Every structure is written in structure tokens, then in C-alpha cells.
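S.K.: Structure of the sequence below:
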Amino acid sequence: MKISAKCTKRIVASAGAIVTMSTAALLATASPASAAGPGQLEVCSYGNYASYVKFPWRGGRTTTIVDRGACRTFYNFGTSSTIEPIEVRGIYNTSTNTFWVQNGSFRPSKGGVVATYGTTAAGNHWALTPAV
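M.R.: Down below sits the predicted model:
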């Protein structure tokens, strides 16, 4: 059975559309599920390690540890529109030692989400931090 060139083009176009939709669905599920509101910070640990956020301008205050595979929302950060630095930290899954993941910024009046990804291997961990 011979397939016409027109039919082949349709098959290729359909396959391309399926790949595009599958990729979009994958990216949508890889993002944090919800956005935190004003005065809130949501931390999600999607990597193979637990994580937390440190606030240098708040005397080194930190969130509590968010276990790997979990998300937690933290409240009462105020309503200031001042952008402040944050430091995303991870905890090795084989000890209680911590490691730097990434620096970012946080604007309490907007709230935000921090999501960590990757593994504890050197250079294989990263985070998405709030858009300020």
C-alpha cells in the first residue's frame, strides 16, 4: 500500500502536534501548583533533597525544612514592596549537612513560590525563585 505525499504530510503534522501538546503538559506539571498570595511564600522540594529558604535581611531567619516531594506555605512576611534577597538551601539526603542551591529575591507584597529541583550531586541542583 502506497501512502500519498499529502497523507504523509498530515501524519507528520499530527505527530508534531502530539509532541508539542505532550511537552506543554509536561512543563505545566513541572511547575509549582499554586502561587502564594501577598505576605506568603510557598516552598516546594521537587528534587531528591529537602530544602528551606533563608532571609539574610531578616537576621538570617529561615523557613522550616520542607521534605522532598512536599510543598509548604509560610505566612506573615508582611506587605512591604521592598525587594529582599533570599538564599535557597538544600539538605543532603544522606546527612544533616546543608548546601547552597541558589540565590533569589522576594517581594513580600507580591508573595512567591520557591521550587527546588535536581539531586544533591554537585552542580545538579537548582531552584525557581519568585518573580519580583
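S.K.: Was I right to think residue 118 contacts residue 128?
M.R.: No. Here residue 118 lies out of contact with residue 128, judged by CB atoms under 8 Å, at a distance of 11.5 Å. C-betas here are computed from N, CA, C, even on glycine.
S.K.: In terms of neighbours, single out the busier of those two.
M.R.: residue 128 (19 against 16; other CB atoms under 10 Å).
S.K.: Chain neighbours aside, what residue packs nearest to the more buried one?
M.R.: residue 115 (4.7 Å; CB to CB, 6 or more residues apart in numbering).
S.K.: In which helix or strand does the one you found reside?
M.R.: strand 112-118 (DSSP states H and E).
S.K.: could you give the mean pLDDT of that strand?
M.R.: Mean per-residue pLDDT for strand 112-118: 97.
S.K.: sorry, back to before: for the residue nearest to residue 128, name its beta-bridge partners.
M.R.: Beta-bridge partners of residue 115, counted by DSSP bridges, are residue 44, residue 128.
S.K.: now the strands for this structure?
M.R.: 41-45, 50-55, 61-62, 71-74, 84-91, 98-106, 112-118, 125-128 (DSSP state E).
S.K.: contacting residues around the strand holding residue 115?
M.R.: With CB atoms under 8 Å, 6 or more residues apart in numbering as the test, strand 112-118 has contacts from 31-32, 34-36, 40-49, 51, 53, 86, 88, 90, 101, 104, 106, 124-132.
S.K.: What degree of burial does the closest residue to residue 72 other than its chain neighbours show, as a neighbour count?
M.R.: Excluding its sequence neighbours, the residue lying closest to residue 72 (CB to CB, 6+ apart) is residue 66, at 4.8 Å. By the criterion of other CB under 10 Å, residue 66 has 22 neighbours.
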